[in-house]
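> I would like to see how this sequence folds:
(chains A, B, C and D)
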Number of protein chains: 4
Amino acid sequence: MPMRFEKNNAGEGCGAFDVGGAVFGGPKLVLIAGPCTVESRDQMMEVACAVKEAGASMLRGGAFKPRSSPYAFQGLCGKGLEILAEVRARTGLPVVTEVLECAHLEAVAAAADMVQIGSRNMHNSVLLRAAGACGKPVLLKRGMSARIEEFLLAAEYILEAGCTRLVLCERGIRTFETATRFTLDLSAVPLLKQRSWMPVVVDPSHGTGVASLVPAMARAAVACGADGVMMEVHAHPETALCDGDQSETPEMFARTVRELKAIAEAVGRSV
Amino acid sequence: MPMRFEKNNAGEGCGAFDVGGAVFGGPKLVLIAGPCTVESRDQMMEVACAVKEAGASMLRGGAFKPRSSPYAFQGLCGKGLEILAEVRARTGLPVVTEVLECAHLEAVAAAADMVQIGSRNMHNSVLLRAAGACGKPVLLKRGMSARIEEFLLAAEYILEAGCTRLVLCERGIRTFETATRFTLDLSAVPLLKQRSWMPVVVDPSHGTGVASLVPAMARAAVACGADGVMMEVHAHPETALCDGDQSETPEMFARTVRELKAIAEAVGRSV
Amino acid sequence: MPMRFEKNNAGEGCGAFDVGGAVFGGPKLVLIAGPCTVESRDQMMEVACAVKEAGASMLRGGAFKPRSSPYAFQGLCGKGLEILAEVRARTGLPVVTEVLECAHLEAVAAAADMVQIGSRNMHNSVLLRAAGACGKPVLLKRGMSARIEEFLLAAEYILEAGCTRLVLCERGIRTFETATRFTLDLSAVPLLKQRSWMPVVVDPSHGTGVASLVPAMARAAVACGADGVMMEVHAHPETALCDGDQSETPEMFARTVRELKAIAEAVGRSV
Amino acid sequence: MPMRFEKNNAGEGCGAFDVGGAVFGGPKLVLIAGPCTVESRDQMMEVACAVKEAGASMLRGGAFKPRSSPYAFQGLCGKGLEILAEVRARTGLPVVTEVLECAHLEAVAAAADMVQIGSRNMHNSVLLRAAGACGKPVLLKRGMSARIEEFLLAAEYILEAGCTRLVLCERGIRTFETATRFTLDLSAVPLLKQRSWMPVVVDPSHGTGVASLVPAMARAAVACGADGVMMEVHAHPETALCDGDQSETPEMFARTVRELKAIAEAVGRSV
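Below is the predicted model:
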């Protein structure tokens, strides 16, 4: 059965597309940066200005957070979306943020340029379909134990619902290794490129869980063909409410961007 | 922080409880049997009568099916619930069926005695909370790459929403082994028993994906302390719309029940 | 290509066989017990008498230990073999012990009734062949990341070298779960039984790494068809030189044997 | 306890070192290329000349092959070593080849410039120690289910035996993904670099099992800091006796080298 994710059946979806000024799938890489979680207006403005200055083309930040424990901080929710919308307006950076439930889709789509489906919801077909029909571009993260085939079929749910601007994100899979939080599966990048037309980005922050490994894995991602990189950046990782261990500082991020520039040129692309 | 899933913090939730006549957590094991999917009224009546005759204490069957591909059969949906309600009324067997989205919870809770959260939704905190508040007992399946700690925290979402009748189900985890569909992790049974007060059942049908392995793994589940077993039974596995490879026939199921009876007695329980 | 491990090609190897008085593959289960490591003559005599009294049919204990670090205790080596031979003579219990290199095979075969190839050497074809030709029965443990197919092919190396008394041992595979040291894959038991003629035993001590989980998993092993169980027992686990966390005391072992007796009878066997 | 693999305890081992003209750990990358298996004198001469012309700095080829089945081709053994020695003499390329047992170490060390310990023997402490004492540089491949910590401890066995020229090789780990043969864990490269002084190379041929993925993963390896890449190259992959699916042709290899040149320069190195 022909699939919409395949190169020959792409229709409108094929090729590069623009998301609030950031073009996915073109020669220029998309660098998505920002904190794990929206904590406050000041925190977001500070980090947004810093990552924009350093070369980021899109801002990330979670208003709704999927957490293992019901007692962990679940995000600022609606207030978080307001902050994202304001920071987006003031910096001009397009915004991607995660949605956890259909009921929030409208509000998320209104505040952000791109809707993210997280790893824990990759098999949530109801949310996949709703996101695919919301009219906004979608960033789909790979499930932490999803095979490539399942990842593509999850994408098919979104495409089948009408979405034509879909980006796939490799973010690490679960293995026996304990030195890293997950095992970043970079072979997913060329595999997804061979099987489908969709742009692919890589999240080395979640993929490793260790800030000091992020620059090397971001370089590797670009070298093997990723169309972009998504990195957690926090002005003060040591006080971050979430995922501080895997967050770069703005200075580290700026240095990483310079490294990515060199790799991008080596593969015929730019930052 | 004290958790509701812990033995000392259980409150009302602690101890055995009744679900439409089937008692979870008591000396008698709960045998849940039925097809992967509700296909028709005749199919369900045939299999329900057969498994009741063989000793099943609860009927399973999916009206809403989570599928990897959007083009695979997604279940009879509302019509499936009607069939389940009718078969339940005529056979007297309590029914458990999966819910995929909050919008269906009311209808599922009206048609069934117990609401199932599937493996693919174990991290879907929105659905966990909604199911926990729906007033019906809940059966929570372990995510296919969830650690025991995460499984218990997912249960905590349900308990925190008000549920006091919650059953955990080990159903296999994803590993490198390819001879089975998943690797059934039976050590989860004593581990969950040590950590929490909740009854634990095991699904050897999904856990192995191979019908000929189901009887042995069902026996093992009872031997290591499971409070029940959930098995796929189809009158004609070779024509099943879904998961025929892992479905027992009613005859195989009857034989398995007899085997489980002996094991149950060996551990001081009954079938 | 017909394989020697298959039921139809077994030749002499087929059926039950005796190892120093313990019969593998017959109606009576073989219970192998003893410490991870031979530490001293007194330690071995104490535990050997205790496990024999409790119902063990074979003694285990490592003279040569495979360790992750070159600085960890590597076993008493030749001195350990002497102790094993002496304890065997005085208690009448047959002994199984691991061999790490071809050069030790002769000494190990002289001191013990059965030669063990450990998980870390399952892919060591040189050692497999040499053990298969040494004239003694062999116990082959599954590699910690070996698929069932690979496990059987490793057995084939031993059979092809002339061995006709070979026992397979499931001892846990490596997965993402961290609550246990490995994930005991009990589905291996019925799978191996379907595919081959060889007796299968299970090691729940290494398979879980947690002493309190051993009784439940030992019961499960017998319930799903294992021909025996291999358990670490140490008179003083808290001072064991190796693997104390997963060792039962003789009292726990005696209780476990009583539990296994009931399960064995439920599946038509005895202890 | 201080370890020899740590940066501060390296002693002589620290820094770059020469293996038959190829310098590991220096600014210039080491490209190791050749077939999985030595099949004939003509095959080796043809591919050796081609990879040398394309920029390879070292030749690989197996004389002794570790195979899952005892009936699979096990290599030309001694005859294979003769061929390697001859091709080395005629092309001037240094040679690395795998050793499977201590008894062959002397012959392998005489014929080759570097002794390889394969993935299946990473836990074979006897072979590790013997290789470490043989006087030749050693290439140690990561076990397919070894954690980084265990990989470093296996290296410690070799270093403790006297070896001062040791190279580590990431070659893929076993996961649930089936689209690739293994999952190449590139985060191992920066992790190993942080923890130890040893040069690290990557084998994307075994790591993916798919020839079309090799160029992308080789680029990624260099981008994240690898000191070299090991690639399977066969003049006629479709007729290779072993691993044809993952072998590049000499033309593909030459193109990959050109790509690696660009990436190497982007990270301040050369090919």
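
> Now do the end-to-end distance for stretch A:210-217.
11 Å (Cα to Cα, to the nearest Å).

> Kindly report the same for stretch A:209-220.
16 Å.

> Residue A:173 and chain D, how far apart?
To chain D, residue A:173 is 6 Å away according to Cβ to the nearest Cβ, to the nearest Å. The way it works is simple: take the backbone N, C-alpha and C, and place the C-beta from them, glycine included.

> wait, residue A:265
7 Å.

> try residue A:150
From residue A:150 over to chain D (counting by Cβ to the nearest Cβ), the distance is 10 Å.

> and the helix or strand harbouring residue A:216, what does it pack onto?
Following DSSP states H and E, one finds residue A:216 within helix A:214-223. The contact analysis (3 or more Cβ pairs under 8 Å, 6 or more residues apart in numbering or on different chains; DSSP states H and E) places helix A:214-223 against strand A:200-202, helix A:204-208, strand A:228-232, helix A:250-266, helix D:188-195, helix D:214-223.

> Next, the residue nearest to residue A:149 when sequence neighbours are not counted: secondary structure please.
Once flanking residues are discounted, residue A:149 sits nearest to residue D:179: 6.8 Å by Cβ to Cβ, 6 or more residues apart in numbering or on different chains. The three-state label given to residue D:179 by DSSP: H, G, I helix; E, B strand; the rest coil is coil.

> you'd agree residue A:177 is up against residue D:148?
Yes - using Cβ atoms under 8 Å, residue A:177 is in contact with residue D:148, at 6.8 Å.

> Chain neighbours aside, what residue packs nearest to residue A:85?
residue A:111 (4.3 Å).

> ok, now residue A:125?
residue A:157 (5.4 Å).

> Residue A:145 too?
In space, residue A:145 is closest to residue B:145, 3.3 Å off (Cβ to Cβ, 6+ apart).

> Can you give me the distance of the one you found to residue A:144?
For residue B:145, the distance to residue A:144 equals 6 Å [Cβ to Cβ, to the nearest Å].

> which bits of the stretch 101-250 of chain A sit near chain D?
A:145, A:147-149, A:173, A:175-180, A:183-187, A:189-191, A:194, A:207-208, A:212-213, A:216-217, A:219-225 (Cβ under 8 Å from any Cβ of the partner chain).

> Buried only: go through these for me.
Listed as buried from those are A:145, A:147-148, A:173, A:175-177, A:179-180, A:183-187, A:189-191, A:207-208, A:213, A:216-217, A:219-225; burial here means 16 or more other Cβ atoms under 10 Å in any protein chain shown.

> In the stretch 1-150 of chain A, which residue sits closest to chain D?
residue A:148 (4.5 Å; Cβ to the nearest Cβ).

> Please list all residues in contact with the residue nearest to residue A:145.
A:144-145, A:174, B:173-174, C:176 (Cβ atoms under 8 Å, 6 or more residues apart in numbering or on different chains).

> Now do the same for the residue in the stretch 1-150 of chain A that chain C sits nearest to: helix, strand or coil?
With Cβ to the nearest Cβ, the shortest gap between the stretch 1-150 of chain A and chain C falls at residue A:145, namely 8.1 Å. Secondary structure, three-state DSSP: residue A:145 is coil.

> hmm, back to that, what's the overlap in contacts for residue B:145 and residue A:144?
Counting by Cβ under 8 Å, 6+ apart, the residues touching both residue B:145 and residue A:144 are residue A:174.

> doesn't residue A:170 make contact with residue A:185?
Yes - assessed by Cβ under 8 Å, residue A:185 is found in contact with residue A:170 at 6.1 Å.

> related to what we said a few turns ago, now the two most distant members of the contacts of residue B:145.
A:144 and B:173 (12.0 Å; Cβ to Cβ).

> distance of residue A:246 from chain B?
18 Å.

> swap in residue A:226?
Residue A:226 is 23 Å from chain B, by Cβ to the nearest Cβ.

> Give the closest residue to that residue in space, chain neighbours not counted.
Residue A:226's closest residue in space is residue A:202 (Cβ to Cβ, 6+ apart), at 4.7 Å.

> just residue A:86 next, same as before
residue A:41 (6.9 Å).

> just checking, the one you found touches residue A:80?
No - applying Cβ under 8 Å as the test, residue A:41 and residue A:80 come out as separate, 10.0 Å apart.

> close to chain B, is stretch A:188-198?
No - on the criterion Cβ under 8 Å from any Cβ, stretch A:188-198 is out of touch with chain B, staying 14.4 Å away.

> Could the C-alpha coordinates of that stretch be exported in CSV?
This file holds the C-alpha atoms of stretch A:188-198, laid out as CSV (Å, rounded to 0.1, in the frame of the first residue of the first chain):
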residue,chain,number,x,y,z
ALA,A,188,17.8,6.8,12.0
VAL,A,189,18.7,10.0,10.1
PRO,A,190,19.9,8.4,6.8
LEU,A,191,17.3,5.6,7.2
LEU,A,192,14.5,8.1,7.4
LYS,A,193,15.9,10.0,4.5
GLN,A,194,16.0,6.9,2.4
ARG,A,195,12.4,5.9,3.3
SER,A,196,10.6,9.2,3.3
TRP,A,197,10.5,12.8,2.1
MET,A,198,10.3,14.5,5.5
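
> Now find how far off-centre the helix or strand harbouring residue A:18 is within its chain.
Following DSSP H and E, one finds residue A:18 within strand A:17-19. Strand A:17-19 sits 14 Å away from the centroid of its parent chain (Cα atoms, centre = their mean, to the nearest Å).

> Check which helices and strands the following helix or strand past that strand sits against.
Once strand A:17-19 ends, the next helix or strand along the chain (criterion: DSSP H and E) is strand A:22-24. Strand A:22-24 sits against strand A:17-19, strand A:30-34, with contacts defined as 3+ Cβ pairs under 8 Å, 6+ apart.

> Can you give me every residue that contacts the nearest residue to residue A:26 once chain neighbours are set aside?
Distance criterion Cβ to Cβ, 6+ apart; nearest residue to residue A:26, sequence neighbours excluded, is residue A:16 at 3.9 Å. Residue A:16 makes contact with A:23-26, A:199, according to Cβ under 8 Å, 6+ apart.

> Can you tell me how far residue A:244 is from residue C:91?
58 Å.

> The stretch 101-250 of chain A against chain C: which residues are in contact?
A:174-176, A:178.

> Could you export the helices and strands packed on helix A:214-223 as CSV, including mean pLDDT?
Formatted as CSV, the helices and strands packed on helix A:214-223 follow (pLDDT from 0 to 100):
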stretch, mean pLDDT
strand A:200-202, 98
helix A:204-208, 98
strand A:228-232, 98
helix A:250-266, 98
helix D:188-195, 97
helix D:214-223, 98
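
> Tell me which of residue A:41 and residue A:80 has more neighbours.
residue A:80 (23 against 15; other Cβ atoms under 10 Å in any protein chain shown).
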